[in-house]
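J.: Quick check, what structure comes out for this input:
(chains A and B)
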Amino acid sequence: EDKVVQSPLSLVVHEGDTVTLNCSYEVTNFRSLLWYKQEKKAPTFLFMLTSSGIEKKSGRLSSILDKKELSSILNITATQTGDSAIYLCAVVNDYKLSFGAGTTVTVRA
Amino acid sequence: DTGVSQNPRHKITKRGQNVTFRCDPISEHNRLYWYRQTLGQGPEFLTYFQNEAQLEKSRLLSDRFSAERPKGSFSTLEIQRTEQGDSAMYLCASSLTGGGNTEAFFGQGTRLTVV
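T.: Residues are numbered from 1 along each chain as shown, chains lettered A, B, ... in the order given. A predicted model of the protein is given here:
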């Protein structure tokens, strides 16, 4: 059974802080790892990491894939209240995305 | 709008009734996925299509659930004889080629409430 575990389950920070979210996985036929941001609606795509692209950065967000450790981290620097959301990690095997339970991030002003 | 579209956005139904949801994927995407999400959980895979072929359906939650994609474009998810435990957000996603190197984009979801 494919398994994706995210930690922590939730955290509260103040504006300007840096957060680091973790995702570990056990899947067969790993293809890629995706990060999504979910507010009160459907998940919005953030990053895709693969064997050929293990580090991605966009503005204040960055992510790294560690294929040896079967894990990934998502960093958010200089957090803003608009970063408050659930962050989902999904691992792609041959045909499906398997999601973790998500990390709920709350950024207080 | 070229994103994934789902209808209806919200559905309230009485227990025992049948419901059907529709998903229109991004037009050039050949893979389409259905997921279910309950509060505090990540999306749970239900089934997926490669064009019109349903290649994996073992994760459909029971025989009350069925999905179709008759012409390889839009898809429908039907739940028969709904139960209160079916209350959830039903998400549709699509991707191109479906290989692991292509991201999947989600629709806004259909929130089902069974009363």
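
J.: all contacts plus neighbour counts: C-alpha atoms, from now on.
T.: OK.

J.: need the strands for chain A, in chain order.
T.: For chain A, applying DSSP state E gives strands covering A:3-7, A:10-14, A:19-26, A:32-38, A:44-49, A:55-58, A:61-66, A:71-76, A:85-92, A:97-99, A:103-108.

J.: Direction included, what does the fourth one pair against?
T.: For strand A:32-38, the paired strands and their directions (DSSP bridges) are strand A:44-49 (antiparallel), strand A:85-92 (antiparallel).

J.: How about the third one?
T.: Using DSSP bridges, the neighbouring strands of strand A:19-26 in the sheet come out as strand A:3-7 (antiparallel), strand A:71-76 (antiparallel).

J.: Of all those, which one comes closest to A:I86?
T.: Distances from A:I86 to each of the strands paired with strand A:19-26 were compared by CA to CA, and the smallest falls on strand A:3-7, at 11.1 Å.

J.: from the chain's centre, how far out does the closest one sit?
T.: Its chain's C-alpha centre and that of strand A:3-7 lie 10 Å apart, by CA atoms, centre = their mean, to the nearest Å.

J.: And stretch B:3-19, by the same measure?
T.: Its chain's C-alpha centre lies 10 Å from the corresponding centre of stretch B:3-19 when counted by CA atoms, centre = their mean.

J.: And for stretch A:14-29?
T.: In terms of CA atoms, centre = their mean, the gap separating the centre of stretch A:14-29 from the centre of its chain is 5 Å.

J.: who touches it?
T.: Contacts made with stretch A:14-29 from outside it, assessed by CA atoms under 8 Å, 6 or more residues apart in numbering or on different chains, are listed as A:1-8, A:13, A:70-81, A:89, A:91, A:93-94, A:100, A:103, A:107-109.

J.: Are any of these buried, and if so which?
T.: Neighbour counting over those (16 or more other CA atoms under 10 Å in any protein chain shown) leaves A:4-7, A:13, A:71-76, A:79-80, A:89, A:91, A:93, A:100, A:103, A:107-108 as the buried ones.

J.: so where do the strands sit in chain B?
T.: Secondary structure of chain B, counting by DSSP E: strands at B:5-7, B:10-13, B:19-24, B:31-37, B:44-50, B:53-56, B:65-68, B:75-79, B:88-95, B:105-106, B:110-114.

J.: re earlier: from the strands paired with strand A:32-38, which stretch is densest packed?
T.: Mean neighbour count, computed with mean count of other CA atoms under 10 Å in any protein chain shown, is highest for strand A:85-92 among the strands paired with strand A:32-38, reaching a mean of 26.

J.: re earlier: export the strands of chain A to a markdown table and tack on mean pLDDT?
T.: Written out in a markdown table, the entries for these read as follows (pLDDT from 0 to 100):
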| stretch | mean pLDDT |
| --- | --- |
| strand A:3-7 | 95 |
| strand A:10-14 | 96 |
| strand A:19-26 | 97 |
| strand A:32-38 | 94 |
| strand A:44-49 | 92 |
| strand A:55-58 | 91 |
| strand A:61-66 | 96 |
| strand A:71-76 | 96 |
| strand A:85-92 | 94 |
| strand A:97-99 | 90 |
| strand A:103-108 | 96 |
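
J.: Could you point out which of these sits nearest B:K14?
T.: In terms of CA to CA, the element of the strands of chain A nearest to B:K14 is strand A:32-38, at 28.6 Å.

J.: So what angle separates the directions of the closest one and strand A:103-108?
T.: Computed by axes from the mean of the first three to the mean of the last three CA atoms, to 10 degrees, the angle separating strand A:32-38 from strand A:103-108 equals 40 degrees.
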